[in-house]
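Attaching a predicted model along with its sequence, questions to come.
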Amino acid sequence: MPPAALAIHLAIGQAYAFSVFKIPLTQLIGITKSVDGDWKQTQIAWIFSLAIAILGLSAATFGKWLEGAGPRKAMFASAVCFALGFFISYFGVVTHQLWLLYAGYGLVGGIGLGLGYISPVSTLIKWFPDRPGLATGMAIMGFGGGAMIGSPLAVKLMAHFRGATDVGVGKTFLVMGTLYFGFMMFGVFTIRVPAEGWKPANWTAPAKPAAMITAHNVDVNTAFTTPQFWLLWVVLCTNVTAGIGIIEQASPMIQELFKGTIGPVAARGFVGLLSIFNMGGRFLWSSISDYIWTKAYLFYFSRARRAALLAASFYWR
């Protein structure tokens, strides 16, 4: 089951490599540099922002549907939407219509991100009731590591399709949409849910949960009315916003910071390096949460991450 989950998350995790497209998308007319009529980086940034916002909204909207429909339908819908987002964006590039990139990569692709994000997580947790943190980590580490594949793939494809009148972004979108759809189909056809009452061999659910763990199940509509839900939501939102703000700008940021020294190829390595630690951190901290109190984990994780991001932001300034 973990490879099936990774097939989905490594694909949709390409979103974290979006920054490698930013400079080429601002040179569609000028080819070698931005000229009048080319889009600005501030306009391009909204594509990624919209995709991440729709990820969250679609995950919240379709989460309850997923439990009834099953992970296979959700994963298939994710694959269709994610690939379709690339294909729509291709037409946006060749016709130079920015709204098509918003609608494609941002809106339709964002729905694919949301559906693809939640379906492997909920499924793997059912297979690992004894280690829910480990299960979550195995699923979401693929999303963090998606840029490790997406970044070099995008740069190589753009270099291959680049010509005197084409920066290669449009054709790269077509190829990546097709490749990722096929890759995600592996996850669709491989994924299974455990039989009713299944549990790992030689494992018995504890009769009395630990002090920090509740045995109650809360319906999602009820959870929305509790202050605990919204407090956790705010903690996660602030952490994610800070991290994604750097990820979205990673490739242009490193190239501008070391202008003349770091080019697109080296910048893709920087994006890949961020991806490696993103992937490792997701798996490590999720696995550790099986052994330490969740509240302590949230406290230390949020403090450490805020400190690291604060230091990075001051360095960038």
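Received it, and whenever you're ready, just let me know what you need.

Going by C-alpha atoms from here, please, whenever you check contacts or count neighbours.
Fine.

and the host helix or strand of residue 277, how far out from the chain's middle?
Residue 277 belongs to helix 264-288 when assigned by DSSP states H and E. The chain centroid and the centroid of helix 264-288 are separated by 12 Å, computed with C-alpha atoms, centre = their mean, to the nearest Å.

The protein: helices as residue ranges?
Along the chain, counting by DSSP state H, helices occupy 2-12, 22-25, 41-69, 71-94, 98-101, 109-127, 132-161, 169-190, 220-223, 227-248, 250-257, 264-288, 294-316.

Figure out which of the ones you listed is closest to residue 203.
helix 109-127 (12.2 Å; C-alpha to C-alpha).

quick one, the closest one and helix 71-94 angle?
With axes from the mean of the first three to the mean of the last three C-alpha atoms, to 10 degrees applied, the angle from helix 109-127 to helix 71-94 works out at 160 degrees.

and stretch 98-110, how far apart are its ends?
Terminal residues of stretch 98-110 are spaced 16 Å apart (C-alpha to C-alpha, to the nearest Å).

So what's the gap between it and the chain middle?
In terms of C-alpha atoms, centre = their mean, the centre of stretch 98-110 is found 16 Å from the chain centre.

Show me what counts as buried in that stretch.
By neighbour count on 16 or more other C-alpha atoms under 10 Å, the buried set for stretch 98-110 is 98, 100, 101, 102, 103, 104, 105, 106, 107, 108, 109, 110.

for these, which one is nearest residue 179?
For the buried residues of stretch 98-110, the closest approach to residue 179 (C-alpha to C-alpha) belongs to residue 109, at 14.8 Å.

quick one, what contacts the closest one?
Contact analysis of residue 109 by C-alpha atoms under 8 Å, 6 or more residues apart in numbering lists 51, 81, 82, 83, 84, 85, 86.

residues near residue 235, how many?
For residue 235, the neighbour count with other C-alpha atoms under 10 Å is 13.

gap between it and residue 61?
Separation of residue 235 from residue 61 (C-alpha to C-alpha): 20 Å.

picking that back up, turn the contacts of residue 109 into a markdown table, columns for distance to residue 138 and pLDDT.
A markdown table is the format used below for the contacts of residue 109 (distance: C-alpha to C-alpha, whole Å; pLDDT from 0 to 100):
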| residue | distance to residue 138 | pLDDT |
| --- | --- | --- |
| 51 | 23 | 90 |
| 81 | 23 | 94 |
| 82 | 21 | 93 |
| 83 | 23 | 94 |
| 84 | 26 | 95 |
| 85 | 26 | 94 |
| 86 | 26 | 95 |
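
and the helix holding residue 277, what other elements does it pack with?
Here helix 264-288 touches helix 132-161, helix 250-257, going by 3 or more C-alpha pairs under 8 Å, 6 or more residues apart in numbering; DSSP states H and E.

6 Å - rerun?
The contact analysis (3 or more C-alpha pairs under 6 Å, 6 or more residues apart in numbering; DSSP states H and E) places helix 264-288 against helix 132-161.

Sketch out the low-pLDDT regions of the stretch 101-250 of the chain for me.
Applying pLDDT under 70 to the stretch 101-250 of the chain flags the ranges 205-216.

what number of residues lie near the residue lying closest to residue 161 once chain neighbours are set aside?
In this structure, residue 161 finds its nearest non-sequential neighbour in residue 168, 4.6 Å apart by C-alpha to C-alpha, 6 or more residues apart in numbering. The criterion is other C-alpha under 10 Å. On that basis, residue 168 has 23 neighbouring residues.

Which residue is the nearest non-sequential neighbour of residue 88?
residue 104 (4.8 Å).

show me the contacts for the one you found.
For residue 104, the contact set (C-alpha atoms under 6 Å, 6 or more residues apart in numbering) comprises 85, 88, 89.

could those residues go into TSV alongside neighbour count?
What follows is those, written out as TSV (neighbours: other C-alpha atoms under 10 Å):
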residue	neighbour count
85	28
88	22
89	30
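
Check the offset of stretch 280-291 from the chain's centre.
Mean-position distance between stretch 280-291 and its chain equals 18 Å (C-alpha atoms, centre = their mean).

in stretch 23-33, what counts as buried?
By 16+ other C-alpha under 10 Å, the buried positions in stretch 23-33 come out as 23, 24, 25, 26, 27, 28, 29, 30, 31.

Turn these into TSV, columns for distance to residue 260 and pLDDT.
Compiled in TSV, these are given as follows (distance: C-alpha to C-alpha, whole Å; pLDDT from 0 to 100):
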residue	distance to residue 260	pLDDT
23	15	84
24	17	89
25	20	91
26	18	90
27	18	88
28	21	89
29	22	88
30	19	84
31	18	83
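
Let me have the residues you listed in CSV, adding distance to residue 45 as columns.
Shown next, in CSV, are the buried residues of stretch 23-33 (distance: C-alpha to C-alpha, whole Å):
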residue, distance to residue 45
23, 11
24, 13
25, 11
26, 11
27, 15
28, 16
29, 18
30, 19
31, 19
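
Pick out whichever of these sits closest to residue 251.
Residue 251 lies nearest to residue 23 out of these, by C-alpha to C-alpha, at 8.5 Å.
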